[in-house]
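Enquirer: give me coordinates for this.
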Amino acid sequence: MSDLPRGLADLDRSELAVLVPELLLAGHLIDRAGMPHLIGAFGRDVMRDIAIDEWMGASPVYSKRMQRTLGFEGDSVVTIFKNLQIDIGSPPQFMDFRFHVTDRDHGEFWLDHCGALMDVEPMGPDYVTAMCHDIEDPTFDATATASNPRAQVRPVHRPPRVPADRSPHCAWTVVIDPGHPELQVPAQAVAIGATAAATIELDPIDPHDPGLHDYPGPLLSDLDFRQWSASALRRIAEEVCLQGHLLALSFLASTRNHVDTDDDARSFSRRQFTGVAGVAASRLHAALGLGTTQGDVAAVLALSPGLLPTAYTGVHVDVGDRVLVRVDRAAPAAADGSWPTLLDADHLEPLDAIVGAVDRRYRCLAVAAGPGELVVEVVRGDDELPVPDDVRLTRFSTGADFAFTDRGTPVALRTGPR
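Expert: Predicted coordinates for the structure are as follows:
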């Protein structure tokens, strides 16, 4: 048990390179976990409005964080495209963004595969239009404000697909022009930018650690995380998990506008947390080749994106004679009302979803629930528990079973006319 990874610090470079794409995909599945509940309660239009609010609130904030973390701050098309490569809204391969840069102010991107479209297309053209038109128009521009307020992201073509098998799935231009109206940072992003998740300082990347540690050069066709240093990958992993917390906080803030009580809003967020936690745990368990021992369940808990980074969440996993999850009620996440605050003695569903992904016989019991700390023990029963409904609903996404492939060595993309 003692030699199994129990957190980011225990993973080697190759394991971290596997983990980072998984965390990006898990962040994308946050919407797949939350939006079905909104559709059921309020219908498509309210779901659409909350989705617009949540992405406009979170993406400008976490885009700027990633620019600073990896040293590619700027105001060019290349800066915008680099952000899209390390964004939970566009996890690699599942949302297969391809890029062309004409010059610093002009570029194009297209999606050879859009996992989000594969999820929504079976629901009919009205849902496709809600996602690919109503949601994307304001949120793409909102993301661009993290780089240049004079940037405009506009469609060349997009779904509903005509013909039905059209490929690429969509195509867009990005143009920066001083004559464009200046985009304002969305009010939603101003509010989310004041949270602890937006402002927390994490451990810096060690520039002497072997491998890449920043991204200031040309735009690459893909990011091969195996080329990055272990220190950089740990920080990227933490930033990606913060992206998820920022998106979840933005979801919660918008949902509050459509419900009667704060408890109602938190209930939607808890179901969101449960659904994505269970699916992410299943994928992490398989990706890292873990088994079903107590050490394995501790590893999956310690790497669950909803419980990272520990400097923000205050969640720690102890492994000894038993596995304990400790939630510090004074951690920065507590001030935000983020996911860890949804856990209490009577609401352990997200943790149950995580441990149940390792073995359906595992479940969680609160052993202490004071104002300063929640302590939860992982126990193993005799009977298998059913997969939670929230996890089943999230598994509707094709991302639940998506397989990453090895694309070889990335190349620097040529700049100039197509």
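Enquirer: from here on, contacts and neighbour counts on C-alpha atoms
Expert: Fine.
Enquirer: okay, how far is it across stretch 142-152, tip to tip?
Expert: With C-alpha to C-alpha, to the nearest Å as the measure, the ends of stretch 142-152 fall 10 Å from one another.
Enquirer: ok, stretch 76-92 next?
Expert: 21 Å.
Enquirer: just stretch 71-84 next, same as before
Expert: Across stretch 71-84, first to last residue, C-alpha to C-alpha, it's 15 Å.
Enquirer: would you map the strands across the stretch 101-250 of the chain?
Expert: For the stretch 101-250 of the chain, the strands defined by DSSP state E, counting those that start in this stretch cover 106-114, 151-157, 170-176.
Enquirer: so which elements touch the second one?
Expert: With contacts taken as 3 or more C-alpha pairs under 8 Å, 6 or more residues apart in numbering; DSSP states H and E, strand 151-157 sits against helix 136-144, strand 170-176.
Enquirer: just send the strands of the stretch 101-250 of the chain back as JSON lines, with mean pLDDT too.
Expert: Compiled in JSON lines, the strands of the stretch 101-250 of the chain are given as follows (pLDDT from 0 to 100):
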{"stretch": "strand 106-114", "mean pLDDT": "98"}
{"stretch": "strand 151-157", "mean pLDDT": "97"}
{"stretch": "strand 170-176", "mean pLDDT": "98"}
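Enquirer: out of those strands, flag the one nearest residue 368.
Expert: strand 106-114 (44.5 Å; C-alpha to C-alpha).
Enquirer: one step back: out of the helices and strands packed on strand 151-157, nearest to residue 203?
Expert: Going by C-alpha to C-alpha, the one of those nearest residue 203 is helix 136-144, 25.2 Å.
Enquirer: packing partners of that closest one?
Expert: Packing partners of helix 136-144 (3+ C-alpha pairs under 8 Å, 6+ apart): helix 44-70, strand 151-157.
Enquirer: and with 6 Å instead?
Expert: Under the contact criterion of 3 or more C-alpha pairs under 6 Å, 6 or more residues apart in numbering; DSSP states H and E, helix 136-144 touches helix 44-70.
Enquirer: in the helix it packs on, which residues are buried?
Expert: Residues of helix 44-70 classed as buried by neighbour count (16 or more other C-alpha atoms under 10 Å): 44, 46-48, 50-67, 69-70.
Enquirer: could you dump the strands of the stretch 101-250 of the chain to JSON lines with distance to residue 245?
Expert: Output for these, formatted as JSON lines (distance: least, C-alpha to C-alpha, whole Å):
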{"stretch": "strand 106-114", "distance to residue 245": "23"}
{"stretch": "strand 151-157", "distance to residue 245": "26"}
{"stretch": "strand 170-176", "distance to residue 245": "28"}
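Enquirer: and these as CSV, adding mean neighbour count and distance to residue 331?
Expert: Shown next, in CSV, are these (neighbours: other C-alpha atoms under 10 Å; distance: least, C-alpha to C-alpha, whole Å):
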stretch, mean neighbour count, distance to residue 331
strand 106-114, 21, 37
strand 151-157, 19, 37
strand 170-176, 20, 40
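Enquirer: right, so of those strands, which gets closest to residue 335?
Expert: strand 151-157 (34.0 Å).
Enquirer: pull up the pairing partners for the closest one, direction included.
Expert: Strands adjacent to strand 151-157 in the sheet, as given by DSSP bridges, are strand 170-176 (antiparallel).
Enquirer: roughly how far apart are the closest residue to residue 187 other than its chain neighbours and residue 258?
Expert: Nearest residue to residue 187, sequence neighbours excluded (C-alpha to C-alpha, 6 or more residues apart in numbering): residue 57, at 7.5 Å. Residue 57 sits at a distance of 17 Å from residue 258 (criterion: C-alpha to C-alpha).
Enquirer: over to residue 400?
Expert: Taken as C-alpha to C-alpha, the span from residue 400 to residue 258 is 29 Å.
Enquirer: and these two? Which one has more around it.
Expert: residue 400 (18 against 14; other C-alpha atoms under 10 Å).
Enquirer: could you look up the SS state of the more buried one?
Expert: Secondary structure state of residue 400, per DSSP: H, G, I helix; E, B strand; the rest coil, is helix.
Enquirer: what's the closest non-adjacent residue to it?
Expert: residue 279 (6.3 Å).
Enquirer: can you classify that neighbour by secondary structure?
Expert: When classified by three-state DSSP, residue 279 comes out as helix.
Enquirer: the strands of the stretch 101-250 of the chain: which one's closest to residue 343?
Expert: strand 106-114 (33.4 Å).
Enquirer: helices or strands up against the closest one?
Expert: For strand 106-114, the contact count by 3+ C-alpha pairs under 6 Å, 6+ apart identifies strand 95-103, strand 170-176 as packing neighbours.
Enquirer: which one of these lies closest to residue 390?
Expert: strand 95-103 (23.3 Å).
Enquirer: how far does the closest one sit from its chain's centre?
Expert: How far strand 95-103 lies from its chain's middle: 21 Å, per C-alpha atoms, centre = their mean, to the nearest Å.
Enquirer: contacts for that strand, please.
Expert: Here strand 95-103 makes contact (C-alpha atoms under 6 Å, 6 or more residues apart in numbering) with 107, 108, 109, 110, 111, 112, 113, 114, 115, 415, 416, 417.
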